[in-house]
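S.K.: coords below, sequence missing:
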């Protein structure tokens, strides 16, 4: 399941829907409006195999790795968010739910930075690889 943070712009959510990317948004479709960051991880753990997209870079921490979810921090402008959600979901290293689980990802213009629980350092991956 794809979940968007509450801070995800409505225009970007609508763009994803136009592209047939099924995603629920916290405070709109899921959870409750005003959920605080410490409430997000327990919420994700109650769901099944969730990929969570946020514009909050505070979630890009190795300590947050868990095999039951994927956190994707979009390090881009808010009106580029939908394009980068789609790019992440189509990237060959993250194009299935199984490949995403357990990863903490920072998506930016240059590519991706990834943490997995066994990594000592984050790995850099370009958009073509």
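M.R.: Sure, I can see it. Please read these numbers as outputs of a predicted model, since none were measured by experiment.
S.K.: Any buried residues in stretch 42-59, and which?
M.R.: 43, 44, 50, 51, 52, 53, 54, 55, 59 (16 or more other CB atoms under 10 Å). For the C-beta atoms, the positions are set from N, CA and C on the backbone; glycine is no exception.
S.K.: low-scoring pLDDT stretches of this protein, where are they?
M.R.: The chain contains residues with pLDDT under 70 at 129.
S.K.: which residues of it fall in helices?
M.R.: Remark: helices assigned in the chain by DSSP state H are 10-18, 37-46, 81-90, 97-100.
S.K.: Going along the chain, name the strands of this protein.
M.R.: Taking DSSP state E, the strands of the chain run over residues 2-4, 23-25, 50-54, 69-74, 104-108, 111-115, 123-125.
S.K.: Compute the distance from the centre of stretch 113-129 to the centre of its chain.
M.R.: Taking CA atoms, centre = their mean, to the nearest Å, one finds stretch 113-129 lying 14 Å from the centre of the chain it belongs to.
S.K.: re earlier: for the strands of the chain, which one ends up most surrounded?
M.R.: Neighbour counts (mean count of other CB atoms under 10 Å) averaged over each of the strands of the chain peak at strand 69-74, with a mean of 25.
S.K.: what sits up against that one?
M.R.: The contact list for strand 69-74 (CB atoms under 8 Å, 6 or more residues apart in numbering) reads 41, 44-45, 47, 49-57, 59-60, 64, 80-81, 84-85, 88, 94, 100-107.
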